[in-house]
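S.K.: fold the following, please.
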Amino acid sequence: MLLVSQVLAGAGLAAGVTVGALLAEDMMGSTGSAGLPAALLTLGSAAAAVGVGRISQRAGRRPGLALGYAVGALGGAGVVLAAAIDSVPLLLFSLLFYGSGTATNLQARYAGADLAPPERRGRAVSTVLVATTLGAVVGPNLVEPTGVVAEAFGITELAGPFMLATAAYALGAIAVQILLRPDPLLTARSRAAEPGPRPAAPHDLDPAKVRLAASAMVMTQLVMVAVMTMTPVHMRDHGHSVGDAGLVISIHVAAMFLPSPLTGQLVDRIGRRPILTAAAATLLAAGLLAALSPPEAMAPLTVALALLGLGWNFGIVGGTALITDAVPLAQRARTQGSVDLAVALSGATGGLSSGFVVATASYTALAVGGGVLALALLPLLLAEP
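M.R.: Presented below is the predicted three-dimensional model:
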């Protein structure tokens with residue numbers, strides 16, 4: 001079952017995100033390098049997005065998702081080994097493979113929409129995303145316990161979450177391969193080929209909708225990754241523990257996925273565009289609140305990161321429903337993979353630039369800049385018919 005794999009993958013996604021920047025800062029010795037893991041992870045997820053999309057287009061969702069999770073597990077194991085032998089090149093190389101788990105986790109949302117009629121696509125996407133919540137919330141809160149396990153093996157405690165991620169992605173691959181039957185994309189194609197009345201759906205590609213959906217998801221990913229990546233570093237630099245950072249990130253990740261059922265309902269009832277407008281406004285509020293939060297105070301920063309996750313949720317659920325509307329079945333998986341390539345590259349840009357912005361300016365500048373950048377979505381909403 002797709003939901004089982006999402007729970008497992010959510011744990012892998014959140015665990016690695018929580019400490020990736022901290023591990024890079026320790027191994028490479030500079031704050032400016034702290035954004036590099038997020039950049040490499042998202043570059044790896046960009047390549048995986050295209051690969052998973054193409055495999056799914058040709059052979060169905062099951063082989064594409066299973067391979068994507070398996071590559072993510074391989075990358076997680078490489079990160080653990082790099083930490084054990086203190087090898088920066090191996091760390092950077094492994095993070096590229098680790099990004100496959102992130103891409104696959106997101107690609108699974110399309111599988112949820114394959115069999116859904118247009119009026120229920122928001123809810124179908126949200127069901128898959130909300131399944132990620134359990135693992136995503138639990139993962140960051142296991143930072144300290146998994147750190148103890150890592151230290152017992154003589155490895156830095158920051159490698160512990162990557163041990164969890166490796167196991168989670170491996171189990172996710174197994175769950176998809178065994179339980180995702182029948183394959184949703186292949187089933188949707190079979191039903192479309194059957195004689196008889198067809199459900200109301202676009203039969204031709206709608207480029208305007210594709211542009212709008214892609215732009216919305218690219219912008220929300222860019223802002224979210226940039227601010228999220230440097231929050232644990234910002235917290236540790238101001239006296240907070242790794243456990244505190246894990247708690248804040250777990251709340252942030254919960255806000256990314258937990259509101260999905262409500263978001264899906266709103267997307268189906270009031271439309272895709274109003275939710276995308278709400279995404280821009282929420283990300284702006286998140287950036288401003290993060291910038292204004294006293295660095296020693298956890299509560300306002302936690303609220304800011306929750307808003308950051310909620311804004312991402314609005315953008316991803318609304319954008320996913322819109323692009324599924326816009327692309328016919330014959331081109332769907334390939335187009336979705338190409339769009340997720342752009343989303344991943346935007347995340348890489350956000351992750352890579354975030355460390356340099358904080359090192360040369362401040363976390364406040366990063367948060368304000370991210371919030372203002374989110375407003376660029378509004379002209380696009382007005383421009384596209």
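S.K.: what's the local residue count around the spatially closest residue to Leu377 that is not a sequence neighbour?
M.R.: The shortest distance from Leu377 to any non-neighbouring residue, by C-beta to C-beta, 6 or more residues apart in numbering, is to Ala280 (4.2 Å). Any C-beta I mention is one placed from the backbone N, CA and C, and that applies to glycine too. Using other C-beta atoms under 10 Å, Ala280 is surrounded by 25 other residues.
S.K.: what's the distance between Ala280 and Trp312?
M.R.: 11 Å (C-beta to C-beta, to the nearest Å).
S.K.: returning to that earlier point: the residue nearest to Leu377 is in what secondary structure piece?
M.R.: helix 272-292 (DSSP states H and E).
S.K.: compute the inter-axis angle for the next helix or strand after that helix and helix 272-292.
M.R.: From helix 272-292 onward toward the C-terminus, using DSSP H and E, the following helix or strand is helix 298-326. For the pair helix 298-326 and helix 272-292, the angle between their directions (axes from the mean of the first three to the mean of the last three C-alpha atoms, to 10 degrees) equals 160 degrees.
S.K.: buried stuff in helix 298-326?
M.R.: Within helix 298-326, the residues that qualify as buried by neighbour count (16 or more other C-beta atoms under 10 Å) are 298, 301-326.
S.K.: what's the very next helix or strand once past that helix packed up against?
M.R.: Once the chain leaves helix 298-326, the next helix or strand it forms, by DSSP H and E, is helix 332-360. Secondary-structure packing of helix 332-360 (3 or more C-beta pairs under 8 Å, 6 or more residues apart in numbering; DSSP states H and E): helix 36-59, helix 88-113, helix 207-237, helix 298-326, helix 363-374.
S.K.: in helix 332-360, what's buried?
M.R.: Residues of helix 332-360 classed as buried: 332-359 (neighbour count, 16+ other C-beta under 10 Å).
S.K.: which regions of the stretch 251-385 of the chain sit below the pLDDT cut-off?
M.R.: Counting by pLDDT under 70, the stretch 251-385 of the chain shows low-confidence ranges at 384-385.
S.K.: rerun at 90
M.R.: Along the stretch 251-385 of the chain, the parts satisfying pLDDT under 90 run over 251, 253-254, 256-258, 260-261, 295-296, 324-356, 359, 376-377, 379-385.
S.K.: roughly how far apart are Met28 and Ser87?
M.R.: The separation that Met28 has from Ser87, given C-beta to C-beta, amounts to 12 Å.
S.K.: oh sorry, the question was meant for Gly287
M.R.: In this structure, Gly287 lies at 36 Å from Ser87, with C-beta to C-beta as the measure.
S.K.: spatially, what comes nearest to Ala39 if we skip its sequence neighbours?
M.R.: By the measure of C-beta to C-beta, 6+ apart, the closest residue to Ala39 outside its immediate chain neighbours is Leu352, 3.4 Å from it.
S.K.: against Leu222, how distant is the one you found?
M.R.: Distance from Leu352 to Leu222, counting by C-beta to C-beta: 11 Å.
S.K.: same question, Arg273
M.R.: 20 Å.
S.K.: can you check Val317 too?
M.R.: When C-beta to C-beta is the yardstick, Val317 and Leu222 sit 17 Å from each other.
S.K.: likewise for Pro118?
M.R.: Using C-beta to C-beta, one obtains 28 Å as the distance from Pro118 to Leu222.
S.K.: who's in contact with stretch 109-121?
M.R.: Residues from elsewhere that reach stretch 109-121, judged by C-beta atoms under 8 Å, 6 or more residues apart in numbering: 2, 61, 65, 123-125, 127-129, 180, 184-185, 187-188, 191, 199-201, 267-268, 316, 320-321, 324-325, 332-333, 336.
S.K.: what comes up buried for the helix or strand containing Gly78?
M.R.: Taking DSSP H and E as the criterion, the element that holds Gly78 is helix 61-85. For helix 61-85, a neighbour-count test (16+ other C-beta under 10 Å) marks 61-83 as buried.
S.K.: and Pro89, how many neighbours does it have?
M.R.: Other residues near Pro89 come to 8 when the count uses other C-beta under 10 Å.
S.K.: check contacts around it.
M.R.: Taking C-beta under 8 Å, 6+ apart as the contact definition, Pro89 lies against nothing.
S.K.: and it, what's its pLDDT?
M.R.: Confidence per residue is given as pLDDT, and for Pro89 that number is 90.
S.K.: which one's more surrounded, Pro118 and Leu222?
M.R.: Leu222 (25 against 15).
S.K.: quick one, which of Gly287 and Ser87 is more surrounded?
M.R.: Set side by side, Gly287 and Ser87 show unequal neighbour counts under other C-beta under 10 Å, the larger going to Gly287 at 28 against 15.
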